[in-house]
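Student: Here you go, sequence then predicted model.
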Amino acid sequence: MHVIVVGCGRVGSELAVNLDRAGHSVAVIDKRRNAFRRLPERFSGRAVLGFGFDRDHLEQAGVQEAHALAAVTSGDNTNILTARIARETYEIPQVVARIYDPRRAVIYQRLGIPTVATVTWTTDQVMRRLFEDSTTTEWTDATGALNIVERALPDGWAGKKLAELGEPGKFRLTAVTRGGQVRMAGPDVVGQEGDVLHVIVMKDAFDELDDRLRAGGED
């Protein structure tokens, strides 16, 4: 998968290196040439001097073949503009923007752009949002039988009651993170684009949970 990282600061460089180590094709964009000093010599991706909202610079970074983009500069406005261009102009399927002001998260969510606030930012979190099909385990009991996992809401579940995700004795939705705020999942909660699901699941029911999530788009 080709991934573009906009911003080569501490977070952007760490993210780019992790993606590179995971075997992905990576391009990093930054307006400061010396920012690329954060990248190790063994980094196999490309470095593009420029701006993430400049189409020429995006195309130098391979935006035409990109499957994911993370805007992680130090400016909210730059990140959201970059994310919007990536999503709306180039139709990159997985886009995430870093924000410093969590009050803006709801606005960005309405634009269909997942965000991660600086106060909770880790490269692990952004990778979760770039690769929405992956399951991240948040907690496991001492026996390993019971787990709480985090999953991005599949598009097919948007607009549907999430209570239908449950399967007695196997898995159940417990909470939803929406617009940077977590809430308990009641029987009437309806899925919205950008939701992050927190599901309690038995260790032998992961495949069934994945099947149920995929089935949301099979009306």
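Tutor: Yes, it's here. Numbers count the residues shown, from 1 in each chain.

Student: residues contacting the closest residue to Arg33 other than its chain neighbours?
Tutor: Spatial nearest neighbour of Arg33, excluding adjacent residues (Cβ to Cβ, 6 or more residues apart in numbering): Leu49 at 5.6 Å. Placement of C-beta: from N, CA and C, glycine included. Applying Cβ atoms under 8 Å, 6 or more residues apart in numbering to Leu49 gives the contacts 29-31, 33, 57.

Student: Which one of the residues you listed is nearest to Glu167?
Tutor: Ile29 (43.5 Å; Cβ to Cβ).

Student: In what element of secondary structure is the closest one found?
Tutor: strand 25-30 (DSSP states H and E).

Student: Give me the helices and strands touching that strand, please.
Tutor: With contacts defined as 3 or more Cβ pairs under 8 Å, 6 or more residues apart in numbering; DSSP states H and E, the secondary structure elements packing on strand 25-30 are strand 2-6, helix 10-21, strand 46-49, helix 55-60.

Student: Contacts made by it with the rest, please.
Tutor: 1-9, 12-13, 16, 19-20, 36, 39, 43-52, 57-58, 60-62, 66, 73.

Student: Give me the buried entries from those residues.
Tutor: Among the contacts of strand 25-30, those buried by neighbour count (16 or more other Cβ atoms under 10 Å) are 2-9, 12-13, 16, 19-20, 36, 39, 43, 45, 47-48, 51-52, 57-58, 61-62, 66, 73.

Student: Show me the helices in the protein, by range?
Tutor: 10-21, 55-60, 76-84, 105-110, 123-130, 206-214 (DSSP state H).

Student: Please work out the average pLDDT along stretch 188-199.
Tutor: The average pLDDT within stretch 188-199 is 89.

Student: now it: how far from the chain's centre is it?
Tutor: Here stretch 188-199 is found 14 Å from its chain centre; the criterion is Cα atoms, centre = their mean, to the nearest Å.

Student: CA atoms only: put that stretch into PDB for me.
Tutor: Provided in PDB are the C-alpha atoms of stretch 188-199 (Å, rounded to 0.1, in the frame of the first residue of the first chain):
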ATOM      1  CA  ASP A 188     -30.900   3.200  19.900                       C
ATOM      2  CA  VAL A 189     -27.400   4.400  18.900                       C
ATOM      3  CA  VAL A 190     -27.100   4.800  15.200                       C
ATOM      4  CA  GLY A 191     -23.800   4.500  13.400                       C
ATOM      5  CA  GLN A 192     -22.200   7.600  11.900                       C
ATOM      6  CA  GLU A 193     -19.200   7.800   9.500                       C
ATOM      7  CA  GLY A 194     -16.000   8.200  11.500                       C
ATOM      8  CA  ASP A 195     -17.300   6.200  14.500                       C
ATOM      9  CA  VAL A 196     -14.800   4.000  16.400                       C
ATOM     10  CA  LEU A 197     -16.400   1.000  17.900                       C
ATOM     11  CA  HIS A 198     -15.400  -0.700  21.200                       C
ATOM     12  CA  VAL A 199     -16.600  -4.300  21.200                       C
END
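
Student: how about it: buried residues?
Tutor: By neighbour count on 16+ other Cβ under 10 Å, the buried set for stretch 188-199 is 189, 191-199.

Student: Looking at the residues you listed, which two lie furthest apart in space?
Tutor: The widest separation within those (Cβ to Cβ) is 18.0 Å, between Glu193 and Val199.

Student: Mean pLDDT and distance to Thr174 for the helices of the chain - can I get that in TSV?
Tutor: As requested, the helices of the chain are exported to TSV (pLDDT from 0 to 100; distance: least, Cβ to Cβ, whole Å):
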stretch	mean pLDDT	distance to Thr174
helix 10-21	92	29
helix 55-60	96	39
helix 76-84	91	29
helix 105-110	66	21
helix 123-130	62	17
helix 206-214	89	13
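
Student: Right, I'll leave it there.
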